[in-house]
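# Whatever this is, show me its structure:
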Amino acid sequence: MEVISSISKEEGDFLVKLARKAIEYYLTYRKVLPVRPEDIPYDNLKKLGASFVTLETKYGDLRGCIGSIIPHRPLYEDVIHNAISAAVSDPRFNPVSPNELDFIKVKVSVLTYPEKVEYEDWRDLPSKIEPFKDGLIIKYKNFSATFLPEVWEKLPSKEEFLTHLCLKAGLPADFWKTGLLEVYKYRTITFSE
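Below you'll find the predicted structure:
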């Protein structure tokens, strides 16, 4: 199956509506929204794709965020499953209740395929990262974490970004300075209500 390489505004807007519909359906029936490939009007969305679905309150506070890093199912299916997970399975939050839905904004980010960042040592690593554009994945043994590019808005310095990413992975804050991390970067195209 082919991996998605680009996405139009119309396709992205469709995914945002699909994400909201999936959440509403799940909160009502406790089942995954039944969607067949022929129900999807864009062939592009039937290609393999990775997405993150982010839920925010009307004040801009995070309310849930779950996603996939590596494409492993059709993009439209990935969005449905990640939307439901963001609403009810993000361990940082209580599940979204049906009466909250009117006050939540849904965002869908479609990820490019991650590419490995080759770096010589920790001093070299920040030069390989482009703030506000790159999302990062870090891995060390069984530890891993990712930050979407939107996180740069809250952590605008490269050092701060890497430090918080290490903490998110369960590693010491300055672990990125060991040179032991595998680092991958990706870009996102984000669509929002």
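
# quick one, what contacts the residue lying closest to Gly49 once chain neighbours are set aside?
Residue nearest to Gly49 in three dimensions, not counting chain neighbours: Leu75, with 2.9 Å by Cβ to Cβ, 6 or more residues apart in numbering. The way it works is simple: take the backbone N, C-alpha and C, and place the C-beta from them, glycine included. By Cβ atoms under 8 Å, 6 or more residues apart in numbering, the residues touching Leu75 are Ile4, Leu15, Asn44, Leu45, Lys46, Lys47, Leu48, Gly49, Ala50, Ser51, Val110.

# Out of those residues, which sit inside helices?
When DSSP state H is applied, those are split such that Leu15 fall in helices.

# out of the contacts of Leu75, who has the most neighbours?
Neighbour count (other Cβ atoms under 10 Å) singles out Ser51 as the most crowded of the contacts of Leu75, with 30 neighbours.

# how about that residue, what does it touch?
Taking Cβ under 8 Å, 6+ apart, one finds Leu15, Gly67, Ser68, Leu75, Asp78, Val79, Asn82, Val108, Ser109, Val110, Leu111 in contact with Ser51.

# Try it again at 6 Å.
Counting by Cβ atoms under 6 Å, 6 or more residues apart in numbering, Ser51 touches Gly67, Asp78, Val79, Asn82, Val108, Val110.

# Same check on Gly179?
Gly179 touches Asp121, Trp122, counting by Cβ under 6 Å, 6+ apart.

# State the phi and psi torsions of it.
phi 80, psi 10 (degrees, to the nearest 10).

# what comes into contact with stretch 28-39?
Ala22, Tyr25, Lys46, Ile80.

# Would you mind confirming that Leu162 is in contact with Thr178?
No. Taking contacts as Cβ atoms under 6 Å, Leu162 lies outside contact range of Thr178: 11.4 Å.

# Show me which of these two is the more surrounded one.
Legend: neighbour count by other Cβ under 10 Å for Leu162 and Thr178, higher for Leu162 (25 against 13).

# so what pLDDT did that one get?
Leu162 carries a pLDDT value of 97.

# Begin at 34 from now on, thanks
New numbering, starting at 34: the last item is Leu195.

# Chain neighbours aside, what residue packs nearest to Phe131?
Wrong residue type there; residue 131 is Pro, not Phe. Leu60 is the one closest to Pro131 (Cβ to Cβ, 6+ apart), at 4.8 Å.

# Let me fix that, I meant to ask about Val121.
In space, Val121 is closest to Pro128, 4.1 Å off (Cβ to Cβ, 6+ apart).

# Then Ile117?
Using Cβ to Cβ, 6+ apart, the nearest residue to Ile117 is Tyr59, at 4.7 Å.

# what's near enough to touch the most centrally placed residue in the chain?
The chain has Phe85 as the residue nearest its centroid, 2.8 Å off, counting by Cα atoms, centre = their mean. Counting by Cβ under 6 Å, 6+ apart, Phe85 touches Gly100, Ser142, Leu181.

# any idea which of these is closest to Val150?
Leu181 (16.2 Å; Cβ to Cβ).
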